[in-house]
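Participant: okay, here's the prediction I keep looking at, along with the sequence it came from:
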Amino acid sequence: MIDTIVRSFLGKWGSAALDFYLANSAWINLIILFYALALIWSQRTYKQILTQIILDLVKDFGPEVADKKPEALAKILKKRKFSWESLAALNRFPLVAPPRSYWFHTKNEKSLQSLFSPEKLAKAVAEQLQSAKGK
């Protein structure tokens, strides 16, 4: 009875989609699980790379980097060259995704440069350093 009520709300196409899902639910759920795991792991990779960049900045410029505004950090970061190969080698997982993102990128020099552009990186570094300073 409940099935009939649900199918009447779904209509012809929704009922067909429900039948497809019921027939293939294990495979669909496995795909969603693997996607979620890959996304979590790639966000972890992003966090590791960001942490290494922050550690390098603090090592090079000292703890006063935490007091700088994002605009000043962006100017510093535009002049600084990063070894994208060594940053990519921090984690063997081949994907990277920024936090609160639902899609990931392959971990190569071009994608790392776009994900860690000086403006984005300055904002992320300022947030991380301010939160660490506040603790």
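Facilitator: In hand now; what should we look at?

Participant: please count neighbours and contacts with C-alpha atoms only from this point.
Facilitator: Noted.

Participant: for the protein, name the helix or strand with the lowest mean pLDDT.
Facilitator: helix 118-134 (a mean of 78; mean pLDDT, DSSP states H and E).

Participant: buried ones in that one, by neighbour count?
Facilitator: Residues of helix 118-134 classed as buried: 118-119, 121-122, 124-126, 128-129 (neighbour count, 16 or more other Cα atoms under 10 Å).

Participant: quick one, helices of the protein?
Facilitator: 2-61, 70-79, 84-88, 109-115, 118-134 (DSSP state H).

Participant: so can I have a markdown table of the buried residues of helix 118-134 showing distance to L50?
Facilitator: As requested, the buried residues of helix 118-134 are exported to a markdown table (distance: Cα to Cα, whole Å):
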| residue | distance to L50 |
| --- | --- |
| P118 | 12 |
| E119 | 13 |
| L121 | 8 |
| A122 | 11 |
| A124 | 8 |
| V125 | 8 |
| A126 | 11 |
| Q128 | 9 |
| L129 | 11 |
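
Participant: out of the residues you listed, who's nearest T106?
Facilitator: L121 (18.4 Å; Cα to Cα).

Participant: for that closest one, which non-adjacent residue is spatially closest?
Facilitator: A74 (7.5 Å; Cα to Cα, 6 or more residues apart in numbering).

Participant: where does the prediction get shaky in the protein?
Facilitator: 132-135 (pLDDT under 70).

Participant: at 80 instead, please
Facilitator: The model of the chain has pLDDT under 80 over residues 61-68, 125-135.

Participant: circling back: in CSV, list the C-alpha atoms belonging to the least confident helix or strand of the chain.
Facilitator: Listed next in CSV are the C-alpha coordinates belonging to helix 118-134 (Å, rounded to 0.1, in the frame of the first residue of the first chain):
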residue,chain,number,x,y,z
PRO,A,118,48.4,34.2,-4.1
GLU,A,119,45.1,35.8,-3.3
LYS,A,120,43.4,32.5,-2.3
LEU,A,121,46.5,31.4,-0.4
ALA,A,122,46.8,34.7,1.4
LYS,A,123,43.2,34.5,2.6
ALA,A,124,43.6,30.9,3.7
VAL,A,125,47.0,31.5,5.4
ALA,A,126,45.6,34.6,7.3
GLU,A,127,42.6,32.5,8.5
GLN,A,128,44.8,29.6,9.6
LEU,A,129,47.3,31.9,11.4
GLN,A,130,44.7,34.0,13.1
SER,A,131,42.9,30.8,14.4
ALA,A,132,46.2,29.4,15.6
LYS,A,133,47.1,32.7,17.2
GLY,A,134,43.7,32.8,19.0
